[in-house]
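Asks: Pasted the sequence and its predicted model underneath.
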Amino acid sequence: MKRRIAALVAGLAMLAFPPAAPADPVETDPDLASRDADYAAGRRAIQARDWPAAVASLSKAEVRNPDHADLHTDLGFAYRNLGQYDVAFRHYERALAIEPRHRGAHEYVGEAYLMVGDVKGAEKHLAALKRICLLGCDELKDLEQAVAKYKAGK
């Protein structure tokens, strides 16, 4: 009888206090720039829109940090801006393999799909962001706007 009561109490506690959902990671390791000079240089090069320098620095950092989703997202972004879409897509795919809920990677790969005329590919990542960003997020808003603008121009 005591076991049944204990199980009932535990069940009611789970209903009243469900386990917390995992946090939505925006960055998998926001401090990498403070630990890796090449990553920091790559981020600065992105800010300066110096895509070849960004690729060079980020590629060096990738050797030491092959499983860093933000780094792969940044590499994808730099290659995308160089017009090297195949390489960009590989880095975005790697970022999403490391962190499937990476909002920035979903936004940027969706935008890259629009750049190559693949609306369905972009909409796939828009749908993923809608599942991830239940209350909305900048990445969702930005990709929604990009898809709408693309469709309006077609």
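Replies: Looks like it came in fine. Residues are numbered from 1 along each chain as shown.

Asks: Residue 119 is in contact with residue 150, correct?
Replies: Yes. With contact defined as C-beta atoms under 8 Å, residue 150 reaches residue 119; the gap is 6.7 Å. Just so you know, the C-beta spots here come from the backbone N, C-alpha and C atoms, and that holds for glycine as well.

Asks: Can you name the next helix or strand after the helix or strand of the chain with the lowest mean pLDDT?
Replies: Lowest by mean pLDDT, DSSP states H and E among the helices and strands of the chain is helix 2-16, with a mean of 43. On the C-terminal side of helix 2-16, the nearest following helix or strand under DSSP states H and E is helix 32-35.

Asks: which parts of that following helix are buried?
Replies: Within helix 32-35, the residues scored as buried using 16 or more other C-beta atoms under 10 Å are 32-33.

Asks: what's it packed up against?
Replies: On a contact count with 3 or more C-beta pairs under 8 Å, 6 or more residues apart in numbering; DSSP states H and E, helix 32-35 meets helix 37-47.
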